[in-house]
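# following is a predicted model, sequence given first.
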Amino acid sequence: MDDKEKKKWEKKAEKDKERYLEEMKSYVPPSESEEDSDDNGKKKKKKAKKDPNKPKRNMSAFFLYSCANRASVKEKNPDATFGGLAKIISVEFKALSDKERKKWDKKAVKDKERYDEAMKVYNAKN
């Protein structure tokens, strides 16, 4: 870059610096609530507090089966980890006969009805 072109860019830089300093005179830093944002400039959402009186969600057929059989599977496989137990229970659940599977599906439907009723009562109070 020759001297003539260099001076041209230095002149532009000087003008831009003056503009920046002028703008900084009226700059107001963000308030504390705006400082709660993360690096992307997006604001973090506050986590909603959970209501301890709200009914527990309904359980699926697999979770009902898992709760009922976890203890016996744990006895048969005492060295299995929590995840290992879940895998064993999953294999057993998938191998259930249609008759057994329908039994657990019916229990899941009943639990869904229980949850729906409990939510109606809960919503009526609130």
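Sure, I can see it.

# and residue 115, what does it touch?
With contact taken as Cβ atoms under 8 Å, 6 or more residues apart in numbering, residue 115 is in contact with 55-58. From N, CA and C alone the C-beta is placed, and that goes for glycine too.

# select from those the one having the most neighbours.
For those, the largest neighbour count, defined by other Cβ atoms under 10 Å, is 18 neighbours, found at residue 58.

# how much space between the residue nearest the centre of the chain and residue 31?
With distances taken as Cα atoms, centre = their mean, residue 47 lies nearest the centre of the chain, 10.4 Å away. The spacing between residue 47 and residue 31, counted by Cβ to Cβ, to the nearest Å, is 21 Å.

# do the same with residue 117
With Cβ to Cβ as the criterion, residue 117 and residue 31 are 46 Å apart.

# more neighbours, those two?
residue 117 (11 against 8).

# tell me which element residue 49 falls in.
With secondary structure defined by DSSP states H and E, residue 49 is part of neither a helix nor a strand.

# how about residue 55, secondary structure?
When classified by DSSP: H, G, I helix; E, B strand; the rest coil, residue 55 comes out as coil.

# what's near enough to touch it?
With contacts defined as Cβ under 8 Å, 6+ apart, residue 55 is in contact with 115, 118-119, 122.

# confidence score at it?
Looking at residue 55, its pLDDT stands at 94.

# the residue nearest to it when sequence neighbours are not counted - how many residues pack around it?
Closest residue in space to residue 55, ignoring its immediate chain neighbours: residue 118 at 3.7 Å, by Cβ to Cβ, 6 or more residues apart in numbering. By other Cβ under 10 Å, 14 other residues sit near residue 118.
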